[in-house]
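> sequence first, predicted coordinates after that:
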Amino acid sequence: MLIKHSCDVAAADITPRGVYLRRRDFMAGAAGLALAAVAPIHAHAAPLAAAKSPLSTTDEPLTPRKDIISYNNFYEFGTDKDDPAKNAHTLTTKPWTVKIDGLVGKPAAYNLEDLVDTAALEERVYRMRCVEGWSMVIPWVGLPLAAILKKAEPQGSAKYVAFETLVRPAEMPGQKGFGQPLPWPYVEGLRMDEAMHPLTIMAVGLYGETLLNQNGAPFRLVVPWKYGFKSIKSVVRISLIETQPPTTWSKSNPREYGFYSNVNPAVDHPRWSQATERRIGESGLFVKRRPTLPFNGYGDQVAGLYAGLDLKANY
Amino acid sequence: MARPPPTLARHLLGSDPLRRAIYIVGLMPAVWTFYLGLMDQLGADPQNVLERTLGLWALRFLILTLAITPLRRLGGPNWIRYRRTLGLLGFYYAALHLTVYLVLDQGLDGAAIWADIVKRPYITVGMLAVTILVPLAVTSNNASIRRLGGAAWAQLHRLVYVAIAAAALHFVMLAKVWAVEPLCYAAIVAALLAYRLAVYLRPRHQKRRATEAVAPARSAR
């Protein structure tokens, strides 16, 4: 508690208002990240310019950066919360290509820079609710997934979007050896309308800097009204398809994790109560649980997507 | 030697200097972790770290109590006089673990706690473990052994096998995946319980030696 918020730099202080990312800036950022991989002890994020988004959550204090970059679930680097921060420096994120395939007019392996170029980078402050009953408020930097999908020209028959994380055991220690926790690659999926929703972004940074590897560098999904595991990290493939894709956690334990996984305090999880959550970085040892909101508080924007759908059956 | 009048410290820590030392050293992880928590040195989710650390030490001390008899019978030193100390430390840690869950984590919200107990199997199993430990801790003294009689007391205290199995299961179940660390603890517990089963299934003439394990505990003071 004594040193709480010592790293809590307001995003406004490091993100000049109205500055839009140009291709050059992102390239410079990515180069910085590549250098960081050479000096693995302190991975450095590079500054990233982004405009503030009106879609940001504004009424809650940000989770300190030190907590966001040290408390992660990224099983490709180990199952403990501090494993990703310890192990993820080995990942090289430059060059990075993303294969977009399936029901699109322009299937290709795209350079990340070309995808990030499709729209101006924005700072989006979102709540992030983990299925384990904790939450953060994170100032992401990213762009709408819709802009990226449009670049590949989705066909009318595309009903779902499937995502895949990198498989590279040489650089992802959780993917090699005995007793691996999950089948790789980690896969996730969204319905097309969820993917095209303005709140759904692909993030390339947070707190005004490029993503650190433990946060899913260089390119990750952020869907703020769903449990955190839906927001797949280090994405290398995006496929537009006609049928609902399998997702890693629902394959691993279908009783506990469904395809939708919308944040829902009314749907009980066999392992954790979803009625309340603990806000990370708040009040230290004596943090009190706060009520969890339907759709993580984004119901006004997204509840309409699920009109007529039984959210208890489709958890 | 005349016995000094019982004091609270004597009541809690006993009179044997080594036992006292085990209590004091044994409680250090709790004190240290709590101190780190107060100093905000337990990372992003300090409550969870405190809760888990206390639970893990409870399991470790319970495992030590189960290791004492096999250690002696397999030719190792006889630490039977410290088994009660270790068992009580296990109970104290389990009680602290439960207290952190009830007070800090759940804020004494009775409805939420009850929902957890009935709906979440790993919490049901954890509650079972700590509930079983209560009568064992209460009767972990020479007066109780005398009152119950050695055989009945030993019978009662065999419940620790159920408690420790439940504790290990609780640890395995709370992970989202088959995690290595809880499985290692579960394997150790399984081996120690299998040892008891092997002794139990052994022919009668050999069994007498196995039951001797209880006798020193009865006379320990």
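It's in.

> separation between B:I24 and chain A?
Using CB to the nearest CB, to the nearest Å, B:I24 is found at 23 Å from chain A. No exception for glycine: its C-beta is placed from N, CA and C like everyone else's.

> wait, a helix at that residue?
Yes. B:I24 sits within a helix when classified using DSSP: H, G, I helix; E, B strand; the rest coil.

> can you count the residues close to it?
11 (other CB atoms under 10 Å in any protein chain shown).

> check it and give its pLDDT.
Looking at B:I24, its pLDDT stands at 94.

> quick one: low-confidence parts of chain A?
Scanning chain A for pLDDT under 70 picks out the ranges A:1-44.

> quick one: strands adjacent to the longest strand seen in it?
The strand that spans the most residues within chain A, counting by DSSP state E, is strand A:134-144. Strand pairing for strand A:134-144, determined by DSSP bridges: strand A:122-129 (antiparallel), strand A:201-206 (antiparallel), strand A:276-279 (parallel).

> for the second one, which outside residues touch it?
If I follow you right, that is strand A:201-206. Strand A:201-206 has contacts (CB atoms under 8 Å, 6 or more residues apart in numbering or on different chains) with A:26, A:29, A:45, A:48, A:50, A:65, A:68, A:115-116, A:121-122, A:124, A:138-145, A:148, A:210-211, A:215-216, A:218-222, A:235.

> pick out the residue in the stretch 201-315 of chain A sitting closest to chain B.
A:L285 (4.0 Å; CB to the nearest CB).

> list the contacts for the residue nearest to that residue when sequence neighbours are not counted?
Distance criterion CB to CB, 6 or more residues apart in numbering or on different chains; nearest residue to A:L285, sequence neighbours excluded, is B:G37 at 4.0 Å. Applying CB under 8 Å, 6+ apart, one finds that B:G37 lies in contact with A:G284, A:L285, B:P46, B:Q47, B:V49, B:L50.

> out of the strands paired with strand A:134-144, which gets nearest to A:V167?
strand A:201-206 (19.4 Å; CB to CB).

> could you dump that closest one to CSV, C-alpha only?
Output in CSV follows, covering the C-alpha atoms of strand A:201-206 (Å, rounded to 0.1, in the frame of the first residue of the first chain):
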residue,chain,number,x,y,z
ILE,A,201,-10.3,-3.9,-31.1
MET,A,202,-7.0,-5.4,-32.0
ALA,A,203,-4.5,-3.9,-29.5
VAL,A,204,-0.8,-3.2,-30.3
GLY,A,205,-0.1,-1.3,-27.1
LEU,A,206,-1.1,-0.2,-23.6
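
> what element comes up after that strand heading to the C-terminus?
Sequence-wise, the next helix or strand downstream of strand A:201-206 (DSSP states H and E) is strand A:209-210.

> which strands or helices does that following strand pack on?
helix A:23-38 (3 or more CB pairs under 8 Å, 6 or more residues apart in numbering or on different chains; DSSP states H and E).

> show the subsequent helix or strand relative to the helix it packs on.
strand A:51-52.

> what lines up beside that next one in the sheet?
strand A:122-129 (parallel).

> quick check: chain neighbours aside, which residue is closest to the residue of the stretch 101-250 of chain A found nearest chain B?
Residue of the stretch 101-250 of chain A nearest chain B, by CB to the nearest CB: A:P181 (3.8 Å). Distance criterion CB to CB, 6+ apart; nearest residue to A:P181, sequence neighbours excluded, is B:V177 at 3.8 Å.

> ok, the one you found to A:Q274 distance?
19 Å (CB to CB, to the nearest Å).

> more neighbours, these two?
A:Q274 (19 against 14).

> quick one, what contacts that one?
Contacts of A:Q274 (CB under 8 Å, 6+ apart): A:V131, A:G133, A:V263, A:N264, A:P265, A:A266, A:V267, A:D268, A:T292.

> ok, of those residues, which come out buried?
A:V131, A:G133, A:V263, A:N264, A:P265, A:V267, A:D268, A:T292 (16 or more other CB atoms under 10 Å in any protein chain shown).

> of the contacts of A:Q274, which ones also sit close to chain B?
A:D268 (CB under 8 Å from any CB of the partner chain).

> need the contacts of A:Q274 in CSV (columns: secondary structure).
Conversion of these to CSV gives the following (three-state DSSP):
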residue, secondary structure
A:V131, coil
A:G133, coil
A:V263, coil
A:N264, coil
A:P265, coil
A:A266, coil
A:V267, coil
A:D268, coil
A:T292, coil
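
> how about A:K150: what's its closest non-neighbour residue?
Here the residue nearest A:K150, using CB to CB, 6+ apart, is A:T118, at 7.4 Å.

> if anything else comes up later, I'll come back, but that's it for now.
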